[in-house]
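1. fold the stuff below for me.
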Amino acid sequence: MASLQDVLNAQSNVIDFLRNQQAGPNVYPGVPAEYTNWRSEQAAWAKTAVLFNQSYHMVELMIEGPGAFAMLEALGINSFKNYKPGRAKQWVPCTPEGYVIGDVILFYLAEEKFNLVGRAPAIEWAEYHASTGKWDVKVTRDERTALRSDGKRRHYRFQLQGPNAMAILSKALGYDAPDLKFFQMTEFPIAGATVGALRHGMAGQPGYELYGPWEDYAKVHGALVEAGKDLGLALVGGRAYSSNTLESGWVPSPFPGYLFGEGSKGFREWASDTSYGAKCSIGGSHIPATLEGYCLTPWDIGYGIMLKFDHDFIGREALEKKAEGPHREKVTLALDDQDFLRVTSSYFSKEGRAKYFEFPSAVYAMHPYDAVLADGKQVGVSTWVGYSSNEGKMLTLAIVDPSVATPGTKVQLLWGEPNGGTKKPTVEPHVQTEITAIVSPVPYSEVARDSYADSWRNKKD
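-> Presented below is the predicted three-dimensional model:
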């Protein structure tokens with residue numbers, strides 16, 4: 001079988017190869033695009049409550065054995081001091097060059113038993129080190145639904161969020177739901193099933209991530225829906241789900257840093273030609289000279305607050321050198337309403353149309369990267385773009401130089417790809433255009449900023 005490295009070696013220009021890959025944006029199988037309509041579904045997470053169904057689109061990796069704790073600590077930038085069963089954390093591995101591979105939720109289920117849940121890049125990195133490293137561990141991968149034939153997962157996974165979430169959960173339980181601290185875990189019974197629960201938040205509202213054996217999916221889901229009938233609970237489809245990050249400020253798709261650098265060559269030789277890195281696509285107007293121009297540091301995406309030099313981990317030496325800065329800052333860009341209308345009005349012309357903005361998420365590749373300009377000079381990149389009905393704005397999550405990071409600063413988003421666009425099936429012939437944008441806080445939602453007051457989402461490094 002060919003490796004990821006073989007795939008990259010076969011390309012005359014790796015950047016062009018990734019920009020023309022046929023994969024579109026991440027898909028959300030198992031749920032309809034809309035249960036009602038995406039505008040009402042967006043409104044529900046701010047005004048009442050929503051039930052996100054995450055049972056289908058994320059990879060899980062169970063890691064067990066006496067070496068599990070040591071391996072995860074050695075791969076993550078996070079501190080593991082005082083980390084114990086019953087707690088979770090946003091786990092972030094980096095390459096030896098100090099670039100983020102991805103991030104996933106790490107559940108500490110029991111002594112010598114962990115579960116990683118999220119996108120494939122970080123999970124494949126953990127698999128590689130489990131199979132080639134010195135640690136006594138066993139890993140079991142549970143693949144996302146899009147890449148399996150049976151449709152059955154190890155666990156169901158629901159996210160109950162919104163102002164009424166705790167009331168709905170209490171009704172389903174028959175008693176007051178426990179009010180745990182952020183990222184702490186517990187168990188409780190729902191509909192006769194034992195349900196794992198993580199105190200979490202996706203849209204800046206209180207809530208829980210609920211999970212358990214696949215066999216209990218229907219009865220737990222049904223009990224939650226029944227409990228929410230009179231409390232405004234809305235089911236959220238795939239269209240709205242992918243847009244909630246615009247309000248909360250999480251960058252969902254950092255470019256996997258293992259595609260660049262000699263330090264990750266061993267991984268690329270281990271990974272197959274069907275791995276994530278061999279299939280992922282890049283879209284947008286940002287086209288750097290080398291792959292390193294797509295790579296992101298922890299500071300770029302707001303993870304500097306997680307970075308702790310209290311343990312040895314892969315990438316520590318490189319990150320210690322980068323620690324002094326300067327660092328780019330994560331911001332929200334609010335596109336100017338009138339300028340945005342100018343762009344969308346081009347859709348009603350036969351010639352000179354701009355790249356189409358899909359609603360609510362305008363992301364059209366696995367890794368969206370659009371250039372952010374100031375006075376004609378590139379000062380950053382936009383990594384996620386879409387519309388928030390709650391805010392009435394077209395927003396992007398961007399990473400910019402400190403010189404333009406002050407809220408209120410005007411910049412330009414270079415929207416669309418050069419030369420009419422790449423060969424991705426999600427890209428139609430179009431003309432690039434600049435759109436005025438205002439640098440704004442992250443998270444953009446005021447509720448999210450208040451809710452995440454003690455979180456990495458809005459702390460400065």
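
2. from here on, just use CA atoms for contacts and neighbour counts.
-> Noted.

3. tell me the secondary structure at the residue lying farthest from the centre of the chain.
-> Going by CA atoms, centre = their mean, the residue of the chain most distant from its centre is residue 350, 36.2 Å out. Here residue 350 is coil, with the state taken from DSSP: H, G, I helix; E, B strand; the rest coil.

4. per-domain residue ranges of the chain.
-> Following automatic domain parsing, one finds the domains of the chain at 38-57+150-241, 329-451.

5. helices of the stretch 51-200 of the chain, start to end?
-> Counting by DSSP state H, counting those that start in this stretch, the stretch 51-200 of the chain has helices at residues 68-75, 120-132, 165-173.

6. can you say which of those is nearest to residue 276?
-> When the helices of the stretch 51-200 of the chain are compared by CA to CA, helix 120-132 sits nearest residue 276, at 6.5 Å.

7. relative to helix 68-75, how tilted is the closest one?
-> 120 degrees (axes from the mean of the first three to the mean of the last three CA atoms, to 10 degrees).

8. how far off centre is helix 120-132?
-> From the chain centre to the centre of helix 120-132 is a distance of 18 Å (CA atoms, centre = their mean, to the nearest Å).

9. just checking, residue 384 touches residue 366?
-> No - counting by CA atoms under 8 Å, residue 384 stays clear of residue 366, with 10.2 Å between them.

10. just give me how far the biggest strand by length in the chain sits from the chain centre.
-> When the chain is parsed with DSSP state E, its longest strand is strand 377-388. Its chain's C-alpha centre and that of strand 377-388 lie 15 Å apart, by CA atoms, centre = their mean.

11. and what of stretch 299-311?
-> Counting by CA atoms, centre = their mean, stretch 299-311 is centred 17 Å from the centre of its parent chain.

12. identify the residues contacting stretch 210-217?
-> 152-160, 193-198 (CA atoms under 8 Å, 6 or more residues apart in numbering).

13. PyMOL command for the buried members of those?
-> Command for PyMOL that selects the buried part of these, burial taken from 16 or more other CA atoms under 10 Å:
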select buried, resi 152+153+155+156+157+158+159+160+195+196+197+198
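
14. strands - which of the contacts of stretch 210-217 land there?
-> Those of those lying in strands (DSSP E): 155-160, 193-198.

15. could those residues go into TSV alongside distance to residue 437?
-> Shown next, in TSV, are the ones in strands among the contacts of stretch 210-217 (distance: CA to CA, whole Å):
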residue	distance to residue 437
155	41
156	40
157	36
158	35
159	32
160	33
193	49
194	48
195	44
196	42
197	39
198	36
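
16. adding distance to residue 417 and pLDDT, write those out as a markdown table.
-> Listed next are these as a markdown table, based on distance: CA to CA, whole Å; pLDDT from 0 to 100:
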| residue | distance to residue 417 | pLDDT |
| --- | --- | --- |
| 155 | 40 | 95 |
| 156 | 38 | 95 |
| 157 | 37 | 96 |
| 158 | 36 | 97 |
| 159 | 35 | 95 |
| 160 | 37 | 96 |
| 193 | 50 | 98 |
| 194 | 50 | 98 |
| 195 | 46 | 98 |
| 196 | 44 | 98 |
| 197 | 43 | 97 |
| 198 | 40 | 96 |
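
17. any low-confidence regions in this protein?
-> By pLDDT under 70, the low-scoring segments of the chain are 146-149, 151, 202-206, 446-461.

18. and the residue farthest from the centre of the chain, how far from residue 357?
-> Remark: distance between residue 350 and residue 357 (CA to CA, to the nearest Å) = 17 Å.

19. end to end, how far does stretch 80-96 reach?
-> One end of stretch 80-96 to the other measures 19 Å (CA to CA).

20. roughly how far is that stretch from the heart of the chain?
-> Using CA atoms, centre = their mean, the distance between the centre of stretch 80-96 and that of its chain works out at 17 Å.

21. buried residues in the longest strand of the chain?
-> 378-388.

22. ok, which of the domains of the chain comes nearest residue 263?
-> Evaluated over the domains of the chain, closeness to residue 263 peaks at domain 329-451, with 21.9 Å, by CA to CA.

23. and the strands in the stretch 201-350 of the chain?
-> Ranges of strands in the stretch 201-350 of the chain, per DSSP state E, counting those that start in this stretch, are 207-213, 233-235, 282-283, 329-335.

24. and those strands as TSV, adding distance to residue 107 and mean neighbour count?
-> Formatted as TSV, the strands of the stretch 201-350 of the chain follow (distance: least, CA to CA, whole Å; neighbours: other CA atoms under 10 Å):
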stretch	distance to residue 107	mean neighbour count
strand 207-213	11	23
strand 233-235	25	23
strand 282-283	30	28
strand 329-335	26	27
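
25. could I get these as JSON lines with distance to residue 415?
-> What follows is those, written out as JSON lines (distance: least, CA to CA, whole Å):
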{"stretch": "strand 207-213", "distance to residue 415": "35"}
{"stretch": "strand 233-235", "distance to residue 415": "32"}
{"stretch": "strand 282-283", "distance to residue 415": "11"}
{"stretch": "strand 329-335", "distance to residue 415": "11"}
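
26. what's the closest of these to residue 254?
-> Comparing those by CA to CA, strand 282-283 comes nearest, at 10.7 Å.

27. would you turn the domains of the chain into TSV with distance to residue 273?
-> Listed next are those as TSV, based on distance: least, CA to CA, whole Å:
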stretch	distance to residue 273
domain 38-57+150-241	21
domain 329-451	17
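
28. out of those domains, the one nearest residue 6 is which?
-> With CA to CA as the measure, domain 329-451 is the member of the domains of the chain nearest residue 6 (21.2 Å).

29. how distant is that closest one from the center of its chain?
-> In terms of CA atoms, centre = their mean, the centre of domain 329-451 is found 18 Å from the chain centre.

30. over to stretch 235-249?
-> 11 Å.

31. tell me the span between the first and last residue of that stretch.
-> With CA to CA as the measure, stretch 235-249 spans 22 Å from end to end.

32. what's in contact with that stretch?
-> Here stretch 235-249 makes contact (CA under 8 Å, 6+ apart) with 27-29, 31-35, 38-39, 41-42, 50-53, 202-204, 251-252, 332, 360-361, 384-388, 395-397, 442-445, 448-449, 457.

33. so for residue 278, which of the domains of the chain sits nearest?
-> Closest among these, using CA to CA: domain 329-451, at 12.0 Å.

34. how about residue 381, what does it touch?
-> So residue 381 contacts 286, 369-372, 398-400 (CA under 8 Å, 6+ apart).

35. which of these fall in strands?
-> Using DSSP E, the contacts of residue 381 in strands are 370-372, 398-400.

36. nearest to residue 180 among the ones in strands among the contacts of stretch 210-217?
-> Taking CA to CA as the measure, residue 180 sits nearest to residue 198 out of those, at 8.6 Å.

37. hey, what's that closest one bridged with?
-> residue 185, residue 209 (DSSP bridges).

38. wait, residue 416 sits on residue 428?
-> No - counting by CA under 8 Å, residue 416 stays clear of residue 428, with 10.0 Å between them.
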